[in-house]
Every structure is written in C-alpha cells, then in structure tokens.
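J.: predicted coordinates and the sequence they were generated for:
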Amino acid sequence: MVDLLQLVFAGLSQGAVYALVAIGFVAIFTVSGVINLAQGEFAALGGLVAISAVGSGLPLLAAVVVAVATVAVVAVLMERLTIAPVKRMTTLVSLILTLGVSTGLKALMLLVYGPDAEGLTPINPGGFTVGGVSIRYQELWILAVAAVVSAAVYWFYERTLAGKALRACAEQPVAARLVGISLGRASLTAFLIAGCVGAIAGVMASPIYFTSWESGLTLGLKGFVAATLGGLVSVRGAVLGGLLLGVLENLTAGYVSTGLRDAVAFLLLIVVLVARPSGVFGRSAEARV
Amino acid sequence: MSLEVRGLAAGYGRLEVLHGVDLTAGDGRLVAVIGANGAGKTTLLRALSGLIPASGGTVTLAGADVTGSGPERLARAGLAHVPENRLVFPSLTVEDNLVLGAYTRRRGPAAERREARDRALALFPRLQPRLQQVAGTMSGGEQQMLAIARGLMAQPTVLVLDEPSVGLAPRLVGEIFTALGKLRDDGLTLVAVEQNARAAFAVADHVYVMDRGAVVLEGDAATLASDPRVTAAFLGGGLSGDTPDGPPTPGTAEAGQR
Ligand SMILES: Nc1ncnc2c1ncn2[C@@H]1O[C@H](COP(=O)(O)OP(=O)(O)O)[C@@H](O)[C@H]1O
Ligand SMILES: [Mg+2]
C-alpha cells in the first residue's frame, strides 16, 4: 500500500512535468497544425540556462526568469525564421523543419554546455516522510507550479480576448482572418506560450531528473504522448495525459521492471493511435484548447 | 460611393476565375449579386476582402484604395465579410463569437462595443437567449444570424454576405432578408451574393448577374426583375438549373435552393 502511494506520488510529480511539455505541443498544434519536435529542447535549454545562470552567481529566481526569457526568445525566433516563411505548411514540412531546429538546438547546447548532465539547485533541498511515503520538497514545487501554470494557460484560453482569438484561429482560420485576427501573430503567440511552458517544465524537472543537451529527446517524447492522450487539441487533456503517463510509468517501473519504464510511453502512443486517434480525453477531432 | 470595384481579376494559383468585374455599391444600398453555381460569386467576395489576391483591377472602400490589402487590414478599414457556410467559431459561445467580431475594435471604447452588440441582438432577437450556448450546437439559421451579427460587431461601412439564405427554411430566409433590409434602411451598404434570386430581388436595390467570372447583366432591381433574360434564367424559366422544380411564384422569398 505504501509502495503504491509512493509510486503514484512520484508518478504525479513526474507527470506534471510531462503535462507542461504537453501544453506546449497543444498550444502550437491547435493554432498552426505544426507538431513541434523541438518542444523537448525548449525544456532542456531552460534547465541548462538556469543551471549556468545559478553557476555564474545569480539567485535561483532570477536564474529561472533568465531561463524562461531565453527560451521564449528562442521559440519566437524559431517561429519567425522557420515556420512563418513557409507559405503552405504541411505536416511533413513542419516535421522536417522542427526536427531540424531540434537537432540544431541540441548541437548548440552540447557546444555551449558540454556533454555532462547536471541538476539545478532545488528550491528547498531535502524532503520529509508521511505515512511511509517519502516526499521531496521539489516534487511538491513541481506539482504546485504545474497546477498554477496549467490554470493560468486554461484561464488565458477561456477568459481573455487574446486566448479566444487563438481558439478562433484553431477552429476557423478563414473566419478568424475575416474578423481581423492575424494568423501570423497567433502562431507567434502560440510559440511564445510553448517556449515559456517548456522552459518552466525544464527548470522544475532539473533538480530531480537532471538536465543535459539530450534531455529534450525523452521529455519531448513523453510530452508528445501526453498531448496525444488528450487528442493534441486540449489543454485539460494534455494535463490529464501527462499525469496519467507519469503514474503509469512509475507503477510499471515499481511493479514490473524499471527497464520497461520508457516503453510505457510507446505502448500508450500505439494504443491511442490505433484505438482513439482523437485522444483518450479528447471528445472529438474538432480543434479546441 | 462606399464600395467601388473596377476591372477586378482574381483566381486560384494560375487559374483565373474572375475576369475584370466592375461593381459599385453606394451608401445605404443593398446590392445583390446573383448567378449560377460556379459563376464566381464567392471568388468575387474573397478577392474583395483580401482572402485571395487580386491579379488586376482596383477596390476602393469609402474612397480609399484598398487593392492588395489582406483581410485583417480590410476588416479594420470597415469591410465585414460574412463567409459562405457561416463559419461561426463552433466551440465558442455565441457571446464569444460576438466579442471576436469586434476584434478590430478591441482598443476602442467599451461603450461602442456594447452598443454594437445591443443593435445586433435587437436585429436578431433569437440570439439573445442563446448567448451562453456553444455556437456549433445551434441550427443553421441561428448560425447564419450569428455570422451576420458577428460581422456587424466590427461596425463596418460595407457588409458583404455570401449566400446568407442557403439551406434555410423559407421563413428564416424571409427573416434574414428583412434584417438586411433594416440594415440598409439604417444606412449600411450591403452586397449580398445569392443563388436564391427571388429572395434577392425582393429586397435588393440593384442587381448584378454573374456568369463565368464576369458581370453579364446589371441594373435596378425593379427593372431587371422584368427583364426576360433574368426571368428566364433565374425567376422560373429553368435555363440555369438553379430554379425550383415547382411552378414559379415570382416575388416571394422562398425556394430557389437546390
Ligand atoms: N479554392 C479553389 N481552388 C480552385 N478553384 C476554385 C476554388 N474555389 C472555387 N474555384 C473555382 O472557381 C470557380 C468559381 O467558383 P465560386 O466563386 O465558388 O462560384 P460561386 O460562388 O458563384 O458558386 C469555379 O469554377 C470553381 O471551381
Ligand atoms: Mg459560392
């Protein structure tokens, strides 16, 4: 029983990181139909920039701000330089372009930060034990930050004019243009959101899971699977998908074999693609966020 | 003149569909454009509102040359386009659809937006009780009303509509054209593309007839309504295939749909 609780708790906090990465996939996919294969690199870059900023003497909070801002700029540049110039975006073209950016970012991170994995200083080191379940403070921080960020993103799409405009572009691009919304600006905003949530995911994950130039591969894959569980078009679905994936991974690692941990994501992906392409938590293929 | 189109040519890729269309819509006038399926009516409106680029000719809106502007700029310049098939934002509420209709006015005074909303809801009272309903769950007629109301939220000087009556029950067609007539009486300039020639003639001031990407006939609605070429092709003769199978009943706002 304690084992189960321990695994579920660890799974939730890990899943919260996937959820944040997944929100980035959803933000971009709904508006432009682009599956951003560099989403994981946004997270890795966020972690690495924060680590090096702390290393150069910045306080943790300032380092986090620098990291999020850096990744936001990278995401915006990526959109302007690779996505915006393409007149007719197809899924294939978008995959090639974003894979290219992902590879480029990885090479750049390897060059700048070296090959070693490092962990960011945790906000509060250590942890405590309740009823046999050991909890690290950082895990609570991850859960809290993920909850606040998801709620903020959700509020943005549901309540603000800019958020509703993004949903309009996702659902009915022609009508969105006719009411005066610029699809180019919408795509840029989506990348900005994806950059910010990606960086936050990377920064929050780093103290526990460590960060290196290649962490983006796993994080990106897990985030993508989480987003797919929600049909790639729903913030709520992405969050639930991330949590589910995190819990299932930890249960598999605990009860079956640690070696199978990473296979869970692939299995889920196959099951979803075969059984419910619109996502387990998605209601239909219709675009919504 | 609110809207002046001179020699407008446009198409898709290398395919030219519009071959030099002239069209004028004066202040407070309702202009109808009729023509068979495939005549180029939708293409004309797309070129007008910048959804597709013009390959020749000019478009003047309220005295300003807007040729080559994209739809975002034209929306700001005062042209509202109610597109073919309505294209409401399906998962957004009716209220949010209206809010987005005023997107170009988002930095303007809130009182103006409220007034525009009140006017739109007064014109289509059916929308009032559905403000919190998700737009995609409404009937076709209600969605059409919403699409027009959304266009009006931008407080345009010219409203262009692409087949507002298509697929609607005759009673609703009447309701929508009555609303268009009211808007005209309030001084708005309207261009309505229609396959339903009867509905169009019943309310329009001026009618253009399009065929294969060009205007082939134009004139005062009352005059054209008795033109034998029009009556033959659109008001009951049966040449164009757009006419109802039943006996013609000219002047009523019904049928004319396939
Ligand atoms: N997106 C498009 N791409 C290529 N050709 C098109 C497109 N839309 C319409 N057309 C062609 O343009 C012509 C005019 O179509 P359209 O403007 O839709 O006519 P209408 O609205 O009068 O029925 C038709 O021959 C049609 O096949
Ligand atoms: Mg048409």
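T.: Now that the structure is in, tell me what you want to look at. Residues are numbered from 1 along each chain as shown, chains lettered A, B, ... in the order given. Ligands and ions are numbered 1, 2, ... in the order given.
J.: grab the nearest non-local neighbour of B:Thr60.
T.: The spatially closest residue to B:Thr60, leaving aside those adjacent along the chain, is B:Glu4, at 4.2 Å (CB to CB, 6 or more residues apart in numbering or on different chains). In this view, the C-beta of every residue, glycine as well, is placed from N, C-alpha and C.
J.: next, that neighbour: secondary structure please.
T.: Per DSSP: H, G, I helix; E, B strand; the rest coil, the local secondary structure of B:Glu4 is strand.
J.: could you do the one 4 residues further on as well?
T.: Three-state assignment for B:Leu8 (three-state DSSP): strand.
J.: number of residues surrounding it?
T.: Per other CB atoms under 10 Å in any protein chain shown, the neighbour tally for B:Leu8 reads 22.
J.: so who does it touch?
T.: B:18, B:20-23, B:44, B:47-48, B:54, B:56-59 (CB atoms under 8 Å, 6 or more residues apart in numbering or on different chains).
J.: CA atoms only: put stretch A:59-79 into PDB for me.
T.: Listed in PDB are the C-alpha atoms of stretch A:59-79, where the atom choice follows Å, rounded to 0.1, in the frame of the first residue of the first chain:
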ATOM      1  CA  PRO A  59      19.900  33.900  -7.300                       C
ATOM      2  CA  LEU A  60      17.700  31.000  -8.200                       C
ATOM      3  CA  LEU A  61      14.600  33.000  -9.000                       C
ATOM      4  CA  ALA A  62      16.500  35.400 -11.300                       C
ATOM      5  CA  ALA A  63      18.100  32.400 -13.000                       C
ATOM      6  CA  VAL A  64      14.700  30.900 -13.700                       C
ATOM      7  CA  VAL A  65      13.400  34.200 -15.100                       C
ATOM      8  CA  VAL A  66      16.500  34.400 -17.400                       C
ATOM      9  CA  ALA A  67      16.000  30.800 -18.500                       C
ATOM     10  CA  VAL A  68      12.300  31.300 -19.300                       C
ATOM     11  CA  ALA A  69      13.100  34.600 -21.200                       C
ATOM     12  CA  THR A  70      15.900  33.000 -23.200                       C
ATOM     13  CA  VAL A  71      13.700  30.100 -24.300                       C
ATOM     14  CA  ALA A  72      10.800  32.400 -25.100                       C
ATOM     15  CA  VAL A  73      13.200  34.400 -27.400                       C
ATOM     16  CA  VAL A  74      14.400  31.100 -29.000                       C
ATOM     17  CA  ALA A  75      10.800  30.000 -29.600                       C
ATOM     18  CA  VAL A  76       9.800  33.300 -31.100                       C
ATOM     19  CA  LEU A  77      12.900  33.300 -33.400                       C
ATOM     20  CA  MET A  78      12.200  29.700 -34.400                       C
ATOM     21  CA  GLU A  79       8.700  30.700 -35.400                       C
END
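J.: give me the contact list for it.
T.: Contacting residues not belonging to stretch A:59-79 are listed as A:38, A:42, A:45-47, A:49-51, A:53-54, A:58, A:101, A:105, A:120-121, A:123, A:187-188, A:190-192, A:194-196, A:198-200, A:202-203 [CB under 8 Å, 6+ apart].
J.: which of the residues you listed are close to chain B?
T.: Counting by CB under 8 Å from any CB of the partner chain, nothing from the contacts of stretch A:59-79 sits close to chain B.
J.: quick one: what helix or strand has the residue of chain A found nearest ligand 1 in it?
T.: Of all residues in chain A, the one sitting closest to ligand 1 is A:Val174 (11.0 Å; CB to the nearest ligand atom). Here A:Val174 is covered by helix A:173-178, with elements defined by DSSP states H and E.
J.: again with B:Phe177
T.: Take DSSP H and E as the rule and B:Phe177 turns out to sit in helix B:170-185.
J.: get me the contact residues on the stretch 51-200 of chain B for chain A.
T.: Taking CB under 8 Å from any CB as the criterion, the neighbours of chain A within the stretch 51-200 of chain B are B:51, B:70-72, B:75-76, B:80-81, B:83, B:87-92, B:96, B:99-101, B:103-104, B:106, B:136, B:150-151, B:154.
J.: just the buried ones from the residues you listed?
T.: When neighbours are counted using 16 or more other CB atoms under 10 Å in any protein chain shown, those contain these buried positions: B:51, B:70-72, B:75, B:80-81, B:83, B:87-92, B:96, B:99-101, B:103-104, B:150-151, B:154.
J.: in terms of secondary structure, what does the helix or strand just after the helix holding A:Val174 contact?
T.: Toward the C-terminal end, the helix or strand that comes next after helix A:173-178 (DSSP H and E) is helix A:183-209. Packed against helix A:183-209, as judged by 3 or more CB pairs under 8 Å, 6 or more residues apart in numbering or on different chains; DSSP states H and E, are the following elements: helix A:2-32, helix A:39-55, helix A:60-78, helix A:137-159, helix A:161-171, helix A:173-178, helix A:215-229.
J.: output those helices as JSON lines; include the columns mean pLDDT, mean neighbour count and distance to B:Gly213.
T.: Formatted as JSON lines, the entries for these read as follows, by pLDDT from 0 to 100; neighbours: other CB atoms under 10 Å in any protein chain shown; distance: least, CB to CB, whole Å:
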{"stretch": "helix A:2-32", "mean pLDDT": "96", "mean neighbour count": "25", "distance to B:Gly213": "33"}
{"stretch": "helix A:39-55", "mean pLDDT": "98", "mean neighbour count": "27", "distance to B:Gly213": "45"}
{"stretch": "helix A:60-78", "mean pLDDT": "98", "mean neighbour count": "19", "distance to B:Gly213": "42"}
{"stretch": "helix A:137-159", "mean pLDDT": "97", "mean neighbour count": "17", "distance to B:Gly213": "42"}
{"stretch": "helix A:161-171", "mean pLDDT": "97", "mean neighbour count": "22", "distance to B:Gly213": "31"}
{"stretch": "helix A:173-178", "mean pLDDT": "97", "mean neighbour count": "23", "distance to B:Gly213": "21"}
{"stretch": "helix A:215-229", "mean pLDDT": "96", "mean neighbour count": "26", "distance to B:Gly213": "45"}
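J.: nearest to A:Val130, out of the ones you listed?
T.: When those are compared for distance to A:Val130 using CB to CB, the nearest one is helix A:2-32, at 9.3 Å.
J.: flag the shaky bits of the stretch 151-258 of chain B, pLDDT-wise.
T.: Within the stretch 151-258 of chain B, the ranges that satisfy pLDDT under 70 run B:236-258.
J.: which parts of it are helices?
T.: B:170-185, B:197-203, B:221-225, B:228-233 (DSSP state H, counting those that start in this stretch).
J.: would you pull up how far the shortest one lies from the middle of the chain?
T.: When distances are taken as CA atoms, centre = their mean, to the nearest Å, helix B:221-225 is centred 19 Å away from the chain's centroid.
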